[in-house]
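K.L.:
Would you be able to build a 3D model of this:
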Amino acid sequence: MSEVDFTLLGDAIWLDFVNTARGRTAPPPDLLPNAAAVRRWTLAQRLHSDGDAPELEQALRLRERLTALAEALHLGLQPPAGSIAAINEQLALGPGCHQLTRVGGEWQLRFSPVTRPPVLQAIARSAAASLADPLLLVRCCAGEQCSLFFVDDSPNQSRRWCNKELCGRDVRIERRRGLLR
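P.N.:
Reported below is the predicted structural model:
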């Protein structure tokens, strides 16, 4: 499997990670069956540095917790406590310090890491950033065979498909033919 075999929607690293166990076919293949696949995924996301590859069991445990989080957010439910605990566990591992920075003309106190975060910590930070954004919506693709998650950042929050050309194509064709309303 090469880097191009991973579906990287570019919306949020954590959702791309969750989507390694989901797909556009039923049942979807698990794209992280072994440690080598985890390393390839981290390289595809540009998260990997030498000696930074997570253990397979740790990665799959975090993916399971984040999948539960994505499903809850998609359904408009509160985040599961286990998902929050898994994110906080990873975030607590990182060294760094707080810095005062000017953002948009206002001073803000922000945490700045001392070094590049390990892979699972970077994934957890992505999930934490998504949870902290009240305007962000996590959706599951409306494609008939697709189960991928994505961030709906459309202006009116009406995005339905992870990829309009792949998953939304059949619906658009049927609408043009007058088969759907």
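K.L.:
helix, strand or coil for Arg125?
P.N.:
Recorded secondary structure, Arg125: helix (DSSP: H, G, I helix; E, B strand; the rest coil).
K.L.:
what's the following helix or strand after the helix of greatest length in the chain?
P.N.:
Counting by DSSP state H, the longest helix found in the chain is helix 56-74. Going down the chain from helix 56-74, the next helix or strand is helix 81-91, by DSSP states H and E.
K.L.:
Show the subsequent helix or strand relative to that next one.
P.N.:
Counting by DSSP H and E, what follows helix 81-91 is strand 96-103.
K.L.:
That next one pairs with which strands?
P.N.:
Paired neighbours of strand 96-103 in the sheet (DSSP bridges): strand 106-113 (antiparallel).
K.L.:
Residues contacting the partner strand, please?
P.N.:
Contacts with strand 106-113, where a contact means CB atoms under 8 Å, 6 or more residues apart in numbering, come from Gly94, Pro95, Gly96, Cys97, His98, Gln99, Leu100, Thr101, Arg102. Backbone N, C-alpha and C define where each C-beta goes, glycine included.
K.L.:
low-confidence ranges in this structure?
P.N.:
1-4, 10, 48-51, 170-181 (pLDDT under 70).
K.L.:
picking that back up, flag every buried residue along the longest helix of the chain.
P.N.:
Across helix 56-74, burial judged by 16 or more other CB atoms under 10 Å covers 56, 59-60, 62-63, 65-71, 73.
K.L.:
so that helix versus helix 81-91, what angle?
P.N.:
Helix 56-74 runs at 130 degrees relative to helix 81-91, counting by axes from the mean of the first three to the mean of the last three CA atoms, to 10 degrees.
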